[in-house]
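> Take a look and give me a structure for this.
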Amino acid sequence: MARYFTSLLALISLCSTAAFAPTFTRSQVSMPTTSSLNVFEEAQAEFEGDYPDFAKFGWGPSVHAEVWNGRHAMFGWVFLCATAYAKGHGLFPGGDSLLDLKEWGTLATISGKNTISNERAIILIANAHCFAVGLMATLAPNAHVDPLMLDPAEADTPSYQRAIARQPLGVLPDMGFKNWGLTDVAEQMNGRMAMMGLINLFAYSAITQKPMLDVINEWVGGAYY
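Numbering: from 1, shown residues only. Reported below is the predicted structural model:
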């Protein structure tokens, strides 16, 4: 049964990637179809009506939320791949050794008196550092970057205006050569594929009962370790 689910997830991953691959046809559509836009706009209007206090900050089914979720997913892949590389090349000092309960206290425990490894502790500290950086960027964003939350009190700032000016792409936007490179379309499509990839990774890891780092290393043909 596990082998069946593994094959099914692999097929879904390939189909997901192929669905978002750039295609060249005789008639490239520069804007998303009306039906896909209508569904997106209806979802936005419904969420704004039900949760106005959240919608005004850009939360919910909005372009701003999709962009930032995609950015977090892409960063997650970078962090996961970097962690797998560090594990495979011995960059975690004493990675397999367990933390001393007397020295670290209950902060280092998983359950009972079992403590986490030094490798896991380093990864957790690195994640906490990245979270703190993201939190500071949310509370006090720079003028030249997009704010994580759209604060209506700063509606006259260039970053706010730039964020709300993004238009929905629809389900399958134009992926012609003109939208390659450092473009909003490329960023959002890469973010979508990163989010789908994380879902596949979590599902594959749960079904096969393999650690996520081992799954990633398996997917790249053992390139990390």
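> Flag the shaky bits of this structure, pLDDT-wise.
Flagging of the chain using pLDDT under 70 yields the residue ranges 1-37.
> Most remote residue from the middle of it, which is it?
Residue farthest from the centre of the chain, counting by CA atoms, centre = their mean, is Lys102 at 36.8 Å.
> Return the helix or strand where it lies as PDB; C-alpha atoms alone will do.
Counting by DSSP states H and E, the element that carries Lys102 is helix 101-104. Below are the C-alpha coordinates for helix 101-104, written out as PDB (Å, rounded to 0.1, in the frame of the first residue of the first chain):
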ATOM      1  CA  LEU A 101      19.300  17.700  30.500                       C
ATOM      2  CA  LYS A 102      21.000  19.200  33.500                       C
ATOM      3  CA  GLU A 103      22.600  21.900  31.300                       C
ATOM      4  CA  TRP A 104      19.700  22.800  29.100                       C
END
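> list the helices and strands that helix packs on?
Judged by 3 or more CB pairs under 8 Å, 6 or more residues apart in numbering; DSSP states H and E, helix 101-104 has no packing partners among the helices and strands. Quick note: C-beta positions are derived from backbone N, CA and C, even for glycine.
> what's that helix in contact with?
Ala108, Thr109, Lys113, Thr115 (CB atoms under 8 Å, 6 or more residues apart in numbering).
> Give me the buried entries from the residues you listed.
Ala108, Thr115 (16 or more other CB atoms under 10 Å).
> just the contacts of helix 101-104 now: which is nearest Gly49?
Gly49 lies nearest to Thr109 out of the contacts of helix 101-104, by CB to CB, at 45.9 Å.
> now the closest one, which residues is it bridged with?
Judged by DSSP bridges, the bridge partners of Thr109 are Thr115.
> Relative to Ala121, how far out is it?
Thr109 is 12 Å from Ala121, where distance means CB to CB, to the nearest Å.
> before we move on, what about Gly58?
Counting by CB to CB, the gap from Gly58 to Ala121 is 35 Å.
> what does Gly191 give?
Distance check for Gly191 against Ala121: by CB to CB, it reads 30 Å.
> now the strands for the chain?
Assignment of strands within the chain using DSSP state E yields the ranges 109-111, 114-115.
> okay if I get these as TSV plus distance to Thr157?
Compiled in TSV, the strands of the chain are given as follows (distance: least, CB to CB, whole Å):
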stretch	distance to Thr157
strand 109-111	45
strand 114-115	47
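> right, so of these, which gets closest to Ile216?
When the strands of the chain are compared by CB to CB, strand 109-111 sits nearest Ile216, at 22.5 Å.
> Show me what the closest one is packed up against.
Secondary elements touching strand 109-111 (3+ CB pairs under 8 Å, 6+ apart): none.
> what sits up against it?
Leu101, Thr115, Ile116.
> wait, which of those is closest to Ser159?
Ile116 (39.1 Å).
> And for the closest one, the neighbour number?
16 (other CB atoms under 10 Å).
> for Trp59, same thing?
Counted with other CB under 10 Å, Trp59 comes out at 17.
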